[in-house]
Structure formats: structure tokens, C-alpha cells
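Peer 1: Give me a model of this one.
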Amino acid sequence: MKKILCPIDFSKAAMNALEYAFEIAKKFKSELILFHAMHPAPVLTVNSPLDLDKPDHDTSRAKLEKICRDMASKNFHGINYMFIVKTGFAEDKILDLVNEHNIDMIITGTKGAEGIRTLFGTLSADLAVKSSCPVLVVPEHYKFDEIKKIIYASDLSASGIEKNMEHTRKLAKAYDAHVTFLTIERESPESEDVEYLTERGLGMVYKNKKKRGMDYYMLSNENVAQGINLFAEEKNANLIIISSHKRNFAQRLFSKSVTKEVTFHSGIPVLVLHD
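Peer 2: Take a look at the predicted model:
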């Protein structure tokens, strides 16, 4: 993991996510890129006042630089970081930066369910489902804790699973963490589905068991997101990983709405992986 992008709007949620990002960057010796988007100035009309505030890039850059220096003084010496300020809509600019800078992961904060209508909270959820790279969403009040228990929630579709497993293996290896594979069905699955999922889930476990502890659970819950969050809470997990794939049989989806709901309601960080 060479490059991590952390969007900053100077809110409490963003600053908390930044501290988490510094911890991850320190662990993986990654370059950390802080990004702030400034909304475009309104277009002046004949009746518009002439003293409208305009984007101040220098002030924003100075804030980001101070933040980096303050964070670096908190036992984060040696981390390579930079900051970028651009004018435009945050989501568009962040997605552009992912491609321009070959970003390996976005780490962003959210206010959760109570802040669902806030700009930054909505941005984090949208990035989680739209970004081509992994997105780690950190709840506003969650303080970094060593990642020791990971819940890997997936429908275990064949497409992209190996690439996503590689991300999981790297995290598990770095923190010596235990990984639990979890499949949540909205309804009690048909017998052929049970057979398929059990074979697939146990196969993933046995394939990687020699490397570190893993296990597998299949549960039923009409609300998939709720089932994931409740299971993670029960297991005292430090991280939820959502592997988002389309299911071929029965035409069921591990949908984008599930991903958003998990990130809004989870009390722990959620890492979203895609095909």
C-alpha cells in the first residue's frame, strides 16, 4: 500500500479519520496525501454583492500543513506526506485524484447515522460505493485500536475475490489479526445455496488457515447491514471488510445500499472493497 488519500474538510470526523490514516501509513510505510476541496465561487450577476468570499487556496494549504506538522509531532515521525488543495466538488476531485496519483486506499471519516444528512457524511458513503480503490470509513468517535479481529462480509462471489482477499491478507498479516468470513442471507437460503456458500466459505478458510486463524459463519437476517454490524459487535471486531459483488444465482445483490447502511451505522471502521 504505497499511497493513501485522506479527504479533509477540517471537521471533527475528518480529523479523527486523519489520525487513523497516520496510524495506517506508519504501519505500511505509505505516502499520505491530504486533500481539501474548495467549492467554486458563485457566479456573479448584476445584483450580486461584490464582496462574495472566494476560494482561498493559500489559507487552506497553510491549515493542512499545520495539521501535518502537528500530527507528525505525535509520534508519527518519518511519514512521507503531502497536501493538495483544489477548487471543485469534493467527490469529483477525489475520484480524479485516485487515478492521477494511483491511490491504493482512501481513508475518510463519517458522522454516522446521526450525521447522515451532512455533506461530509454523505460524501464518505458515496466514495465507498463509487471509488475504484478500497475506501476505509472511520466513525467520528472511533479512536484507533490495533486491528486484531476482522469481519470479512461477502456473498463469496467468484469475481474479484482473490484480489480482495489479498488486501485482507496484508492487513491480517500486518496486525496478526484473526479473520472471520461472514455471509448474511436475507431469507433462509435454499439447500443448494447453503451447499455452495458453505463449500465456498470453508474453502476460503482452509486455503488460508496455515497463514493465520480464520473461520466462517453463514447467518440469516432480513436486514443484511444490521446483521453484519450486530455480528461485528458480538465478536468485538476492530474492522469490518465488505467485499461487494453481484450474486449470479437467485439474482440477489450484495447491494450498494447495504454498503452505505453498514458505513452509516457501524461503530467501528468499515473497509469497502470492489471487483
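
Peer 1: count of neighbours near residue 31?
Peer 2: By other CB atoms under 10 Å, the residues close to residue 31 number 17. No exception for glycine: its C-beta is placed from N, CA and C like everyone else's.

Peer 1: Also residue 138?
Peer 2: Neighbours around residue 138, by other CB under 10 Å: 29.

Peer 1: Which residue is the nearest non-sequential neighbour of it?
Peer 2: Leaving aside its sequence neighbours, residue 138 sits nearest to residue 17 (CB to CB, 6 or more residues apart in numbering; 4.3 Å).

Peer 1: residues in contact with the one you found?
Peer 2: By CB atoms under 8 Å, 6 or more residues apart in numbering, the contact list for residue 17 reads 6, 107, 108, 109, 138.

Peer 1: which of those has the most neighbours?
Peer 2: That'd be residue 109 among those, by other CB under 10 Å, with 32 neighbours.

Peer 1: Confirm that that one sits in a strand.
Peer 2: Yes - the assignment for residue 109 is a strand, going by DSSP: H, G, I helix; E, B strand; the rest coil.

Peer 1: All the strands of the chain, in order from the start?
Peer 2: Counting by DSSP state E, the chain has strands at residues 3-7, 31-38, 81-87, 105-110, 135-139, 149-154, 178-185, 214-220, 239-243, 270-273.

Peer 1: which stretch in those strands has the least confidence?
Peer 2: The stretch with the lowest mean pLDDT among the strands of the chain is strand 214-220, at a mean of 80.

Peer 1: Sheet-wise, list the partners of that strand with their directions.
Peer 2: Strand 214-220 sits in its sheet next to strand 178-185 (parallel), going by DSSP bridges.

Peer 1: Would you mind listing where the stretch 1-150 of the chain has pLDDT under the threshold?
Peer 2: 40-55, 75, 112-121 (pLDDT under 70).

Peer 1: Show me where it has its helices.
Peer 2: 12-28, 57-72, 90-100, 119-130 (DSSP state H, counting those that start in this stretch).

Peer 1: okay, now residue 131: neighbour count?
Peer 2: So residue 131, with other CB under 10 Å, has 20 neighbours.
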